[in-house]
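Asker: next input, structure requested:
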Amino acid sequence: MTLYMPLFRACASLRTLAQLHARLLVAGLHRDPLASTRLVQSYAEMGSLESSRLVFDRFPAPDSFMWGVLVKCCVWSRSFEQAVSLYREMVRRRGKEITGFVYPSVLRACSCSGDLGAGETVHGTIVKCGLDADDVVRSSLLCMYGETGQLRNARKVFDDMSGRDVVSWSSMISSYVDNGDPSGGLGVFRSMLLQGLEPDSVTVIGVAEACAQLGSLRLARLIHGQVVTRNIESDDATLNNSLVVMYSKCGDLSSAEVLFNIATCRSAASWTAMISSYNQSGCFREALDVFLEMQVSQSKANSVTMMAILCSCARLGWLKEGQSVHCFVIRNATDPGYDFLGPALIEFYADCGRVHDSEKTFMTIEERDAVSWNMLITVYARKGFLEEALSTFLHMRAQGVIPDSFSLTTSLWSCGSMGFSQLGCQIHGFVMKSHIYNEFVRNALIDMYSKCGDVDSAYRVFLEIQQRDIVTWNTMICGFCQNGYSLEAIHLFDKMYLNSFIMDEVSFLSVIQACSQLGYLKKGKWVHHKLIIHGVRKDSYIDTALTDMYAKSGDLKSAQAVFDSMPEKTVVSWSAMIAGYGTHGQVDIAISLFNQMVLMGIQPNDITFMNILSACSHAGSVEYGKFYFGLMNSHGVAPKLEHFACLIDLLSRSGNLGEAYSVISSMPFPADSSIWGALINGCRIHQRMDIFQIIQRDLLDVHTDDTGYYTLLSNIHAEEGNWVRSRKLRSTMESAGLKKVPGYSLIELGNRTYKYGAGDISNVQIEEICKLWERNLQNLAPERC
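Answerer: Residues are numbered from 1 along each chain as shown. This is a model prediction of the structure:
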């Protein structure tokens, strides 16, 4: 057999390897374990994993080493699920007869496939076999836990290692950095230096990425100083490229340019690093100039380079130039199957407004993996084609492609935006079964349930999360606020504050909106105070929310003060201030603000006109209301149903019922329950049953879930003496499962807010309240007599 071993190394193609395989069969050496193992490895190196598997399957009794080689070959070929499956089969057949050689490969397969459950099972087997003291196996465990986002487990493996070499330290640093904790990575690097270990280029690459994530130029220069002082070099230009990217991400593009220009050997990666640096800094034209310079230097661009260039063209909106790049890719066979560049091309065409070309590009990809599907789903979702996004997700599942957290998050967002709670629940079930339950997916589930109105399910998901980050808290608070659970939103914010969580702009924005919904002035002022103390950066959104909160709570002076302090007032800010004055009946000031806004060149939108019409309605200013309704078209704003409803309400309340009916008749779209309800209410107020009789036929075509409409209609029939029709409307409500939303009162006592509603017995002091109420009734009884 030893005579044939040099021939394996001489095989330069799959054809010559097959010829050697034939000779081994003729010589009867195919039953030799060494020959078969070498064949398994050689076929995999030639790119034919299927042939490797055939050789393995035909060998009568593969030993542990041959199993290990095949697992390793599967990992080389990126067939990670197959490698894990093969390992399970190996355990079932060979039991404890497994050497430590196989574990680094199978752990690598677990991390690359994201199969944390399998990785933990393998870890358990390693401990049982007593191989957990092996440094190579421990390093593999550390990498597996780090790459699957299990930092705590990775750190435990690292701390239990008796002899940590530079590879272990570098792996631990990379684990922290790759999982979004650059400060933790720098802390490990500091400990490494204190223990006297000399970092190598791999260590510095991880540390440079940590500095880049933090955006700290001071730390970046310190690390660069360490590289120069310790004379750390890499065999290729990898280290220099990392430093170039580090400086660009820290905002020092000039230093990145200096490092690039002094590089003696520029590989494709070096050029790509500089192009990416320009892209990172928004210098897209300069990035294209570097690419042209690269072509002059005869350096061959790779797929990563072309992806960066496509990004430059997309950001500039240069469709023709991007199409030229696409042609360059085809002409140079840079990525024939579009396995790598396919998603970048899909995104490029979408950014240039050519979604159809994105779809065509997707269809040309030979092997569509999760990344390609994710990009098309994202393009659809971003462009507002939500049904297409969900349809693509379902097609992806039908094709047997396993979704990752990215595709699940985007699909859940689409479900929430469309109110598809049933499909969202099904995706939730898939998430639970597949164990793809990271923080991004959990937050997306909370958001989806909240948008679908299922706040209870959203809160259950929130409670299941053990380690909640700022996004999780904010998502749940927003969910409460969006569904009218303002008290719950405030209580959750208080809990967040008491637990000393670092709050950001979104946290404060959500709780301010909750205070606004309740008119909770005292709490709103407290939140405003904490906003200033915490040094949270204010923007137009927060300022507008504060203006709205103060206005709705009746403190127009504070609302005006916040409004006046805004450095830049948007149309939303003006609309909020106009609404504040309009709600409190100060129509003259609201109109004055509207005129000031127009004079300053800010175009009113549909919300602005809605607010000014509401102000006129509150004040009963019919002429002003008609004037501003007529002004809408001159500002390019087409009246919507709610604008007509406001005008009808204004006319009806003032007794102009004939004119109101004429406006309804001239509307470009059918009137809904809110418009007919406004007219009916006017008929009731002014006792114009003649108008009510005229519109009876029109009311037959109204179908709605608005309980207020049915209640109003039932009451007016009762007042007219038509009890049969009144009872029929009540029965219609009951059969449709509609119930009138009960009113409630809020009482603030001792810095707490209590909510009381009709028939509500949930309060812990309900017995005392009832007893007090009975005593008051008894005391009032003699006075009545």
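Asker: buried set for the helix or strand where Leu492 lies?
Answerer: Using DSSP states H and E, Leu492 sits in helix 486-498. Within helix 486-498, the residues that count as buried by 16 or more other CB atoms under 10 Å are Ser486, Leu487, Glu488, Ala489, Ile490, His491, Leu492, Phe493, Met496, Tyr497. The C-beta positions use only the backbone N, C-alpha and C, and glycine is treated the same way.
Asker: the first one reaches Leu518, doesn't it?
Answerer: Yes - between Ser486 and Leu518 a contact is recorded at 4.8 Å, counting by CB atoms under 8 Å.
Asker: wait, a strand at Gly47?
Answerer: No - assigned with DSSP: H, G, I helix; E, B strand; the rest coil, Gly47 falls outside any strand and is coil.
Asker: Ala638 touches Phe609, doesn't it?
Answerer: No - look at Ala638 against Phe609 with CB under 8 Å: they stay out of range, at 10.3 Å.
Asker: okay, those two: which has more neighbours?
Answerer: Each of Ala638 and Phe609 has its neighbours counted (other CB atoms under 10 Å); Phe609 has more, 24 against 9.
Asker: helices or strands up against the host helix or strand of the more buried one?
Answerer: Phe609 belongs to helix 606-619 when assigned by DSSP H and E. When contacts are defined as 3 or more CB pairs under 8 Å, 6 or more residues apart in numbering; DSSP states H and E, helix 606-619 packs onto helix 571-583, helix 587-599, helix 622-631, helix 641-653.
Asker: before we move on, back to that, what's the overlap in contacts for Ala638 and Phe609?
Answerer: Met632 (CB atoms under 8 Å, 6 or more residues apart in numbering).
Asker: got the contact list for Gln603?
Answerer: Applying CB under 8 Å, 6+ apart, the residues near Gln603 are Val571, His635, Gly636.
Asker: I'd guessed the first one sits against Pro604; true?
Answerer: Yes - Val571 is in contact with Pro604 according to CB under 8 Å; the separation is 6.6 Å.
Asker: what's the end-to-end length of stretch 462-475?
Answerer: Taking CA to CA, to the nearest Å, stretch 462-475 runs 9 Å from one end to the other.
Asker: now do the buried residues in that stretch.
Answerer: Buried positions in stretch 462-475, judged by neighbour count with 16+ other CB under 10 Å: Phe462, Ile465, Arg468, Val471, Thr472, Trp473, Asn474, Thr475.
Asker: what mean pLDDT does stretch 556-569 get?
Answerer: Here stretch 556-569 scores 92 as its mean pLDDT.
Asker: buried residues in that stretch?
Answerer: Along stretch 556-569, these residues count as buried under the neighbour rule (16+ other CB under 10 Å): Leu556, Ser558, Ala559, Gln560, Val562, Phe563, Met566, Lys569.
Asker: do the same with stretch 621-634
Answerer: Buried residues in stretch 621-634, counted by 16+ other CB under 10 Å: Ser621, Val622, Tyr624, Gly625, Lys626, Tyr628, Phe629, Met632.
Asker: isn't the second one up against Gly655?
Answerer: This means Val622. No - counting by CB under 8 Å, Val622 does not reach Gly655; the two are 9.4 Å apart.
Asker: and the strands in the protein?
Answerer: Counting by DSSP state E, one finds strands in the chain at the ranges 744-749, 752-757.
Asker: Glu209: what's it in contact with?
Answerer: Here Glu209 is in contact with Val177, Pro182, Ser242, Met246 (criterion: CB under 8 Å, 6+ apart).
Asker: tell me the predicted confidence for it.
Answerer: Note for Glu209: predicted pLDDT of 93.
Asker: for Ser621, same thing?
Answerer: So, for Ser621, pLDDT stands at 90.
Asker: residues touching it, list them.
Answerer: Taking CB under 8 Å, 6+ apart as the criterion, Ser621 is in contact with Val587, Ala615, Leu650.
Asker: that'll do, ta.
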